[in-house]
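Visitor: Provide a 3D model corresponding to the input given below.
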Amino acid sequence: MSAAGPDGTEQVPGFTVSSVDSVGAGDSFVAALAVGLAAGAAPAEALRAACAAGATATTRRGAQTALPRPADVQAATGVTGPWPAEA
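Guide: Numbering: from 1, shown residues only. Purely as a prediction, here's the structure:
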């Protein structure tokens, strides 16, 4: 994927995971992207976190049950994301 920002365009690679169900991947992607941008992350950083969240969601079955928490994303992809730490 590509992220466009004030300094130009940056390529952001996807993630390889053991996918079992794609339901919820888009919701996870959009949520992580929105949270990252709202947190003030650079477009490429927010996009990387969104890709990681979407990929992580495909590792579980279902919709709401597949939505990953920050710790799940980090365990699956190594990305800590620009989102707030969990309480």
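
Visitor: for stretch 4-17, the distance to its chain's centre please.
Guide: How far stretch 4-17 lies from its chain's middle: 12 Å, per CA atoms, centre = their mean, to the nearest Å.

Visitor: Quote the end-to-end distance of that stretch.
Guide: With CA to CA, to the nearest Å as the measure, stretch 4-17 spans 25 Å from end to end.

Visitor: Name the surrounding residues that touch that stretch.
Guide: If you take CB atoms under 8 Å, 6 or more residues apart in numbering as the criterion, stretch 4-17 is touched by 1-3, 42-44, 47-48, 51-52, 55-56, 58-59, 76-77. Just so you know, the C-beta spots here come from the backbone N, C-alpha and C atoms, and that holds for glycine as well.

Visitor: cool, stretch 68-79 as well?
Guide: 15, 17, 28, 32, 48-49, 52-53, 55-57, 59-60, 80-81, 83, 85-86.

Visitor: try 10 Å this time
Guide: Under the contact criterion CB atoms under 10 Å, 6 or more residues apart in numbering, stretch 68-79 has outside partners 14-18, 24-25, 28, 31-32, 35, 45, 48-60, 66, 80-81, 83-86.
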